[in-house]
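Q: just coords:
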Ligand SMILES: Cc1cc2nc3c(=O)[nH]c(=O)nc-3n(C[C@H](O)[C@H](O)[C@H](O)COP(=O)(O)OP(=O)(O)OC[C@H]3O[C@@H](n4cnc5c(N)ncnc54)[C@H](O)[C@@H]3O)c2cc1C
């Protein structure tokens, strides 16, 4: 069983700045970490390997600095890593990103691909399904529990609005996971030593035999036409309620506030 886990390097801060001119994220200046939701896909992969054996290869598409997240995944227990990096990949949207990753996954001959539900920066959740589409693989999204897995199929419970939906899919498959899947383990000392010694190959566009017109900004149909920071127009009234008198005042103010806006139901109002 060859398990491939694509992970993304994301900015550590949630206060990400955008370049208004290009419509892209300003990534320099903020520390980068493994996309927090990818820790769950890594843990799911480690548990599958413990259950039925196999090999885990972790991959990321990103600039040279992204090798750091691959090393973290190795420290958690993954076997191998591949860094997909080339200037030609710069400016990729989800279409071009999923194409590029899918060419690496094709080359790795994956049986199962496990991705996070979404990345905390781009936040589209499109890359996992995109990979499945490019490779014509089965797709199981929002996976909360893996009930059964073998070389031929997977039976999984998907998180849906009303509860869980059990599905069976033939392998090879792409599985996107939600937090419920498992609790991510911490890196081990042995893993950390391995991560310091491991030689991580870098695959560029040529190594992937990728179509140049599908890569990076040139291959990206998405155009960011406008970026706006939402303005918070609501104002907040702080009311201190620390003793009997101030609680009474606070309740009176609250009722008055609701009453002024016609938000107190008539029958309640008459009882006040
Ligand atoms: C016009 C345009 C230009 C852009 N330019 C750039 C750019 O120059 N540099 C840049 O980094 N981003 C760029 N982006 C953002 C980029 O498209 C997305 O970050 C990327 O496609 C992933 O989408 P997402 O963050 O929504 O991931 P999601 O779809 O939310 O992620 C789901 C899962 O997919 C996997 N995944 C996602 N991205 C990667 C990755 N890169 N490697 C491995 N696994 C991954 C992870 O498992 C993740 O949990 C650009 C976007 C647009 C629209």
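A: Structure received. The structure displayed is predicted, hence computed values, not measured ones.
Q: list the residues that contact whichever residue of the chain sits closest to the ligand.
A: Nearest residue of the chain to the ligand (Cβ to the nearest ligand atom) works out as residue 122 at 1.9 Å. The way it works is simple: take the backbone N, C-alpha and C, and place the C-beta from them, glycine included. Residue 122 sits next to 8, 94 when contact means Cβ atoms under 8 Å, 6 or more residues apart in numbering.
Q: quick one: secondary structure of it?
A: coil (DSSP: H, G, I helix; E, B strand; the rest coil).
Q: which residues of the stretch 51-200 of the chain fall in helices?
A: 67-76, 94-108, 127-135, 189-197 (DSSP state H, counting those that start in this stretch).
Q: make CSV out of these and add mean neighbour count.
A: Listed next are the helices of the stretch 51-200 of the chain as CSV, based on neighbours: other Cβ atoms under 10 Å:
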stretch, mean neighbour count
helix 67-76, 22
helix 94-108, 22
helix 127-135, 22
helix 189-197, 13
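Q: now render these as TSV, adding mean pLDDT and distance to the ligand.
A: Output for the helices of the stretch 51-200 of the chain, formatted as TSV (pLDDT from 0 to 100; distance: least, Cβ to the nearest ligand atom, whole Å):
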stretch	mean pLDDT	distance to the ligand
helix 67-76	97	9
helix 94-108	98	3
helix 127-135	98	3
helix 189-197	96	18
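Q: nearest to residue 48, out of those?
A: helix 67-76 (13.9 Å; Cβ to Cβ).
Q: please name every helix or strand in contact with the closest one.
A: Applying 3 or more Cβ pairs under 8 Å, 6 or more residues apart in numbering; DSSP states H and E, we find helix 67-76 packed against strand 32-34, helix 38-52, strand 55-61, strand 80-84, helix 189-197.
Q: which one of these lies nearest to residue 140?
A: helix 38-52 (11.5 Å).
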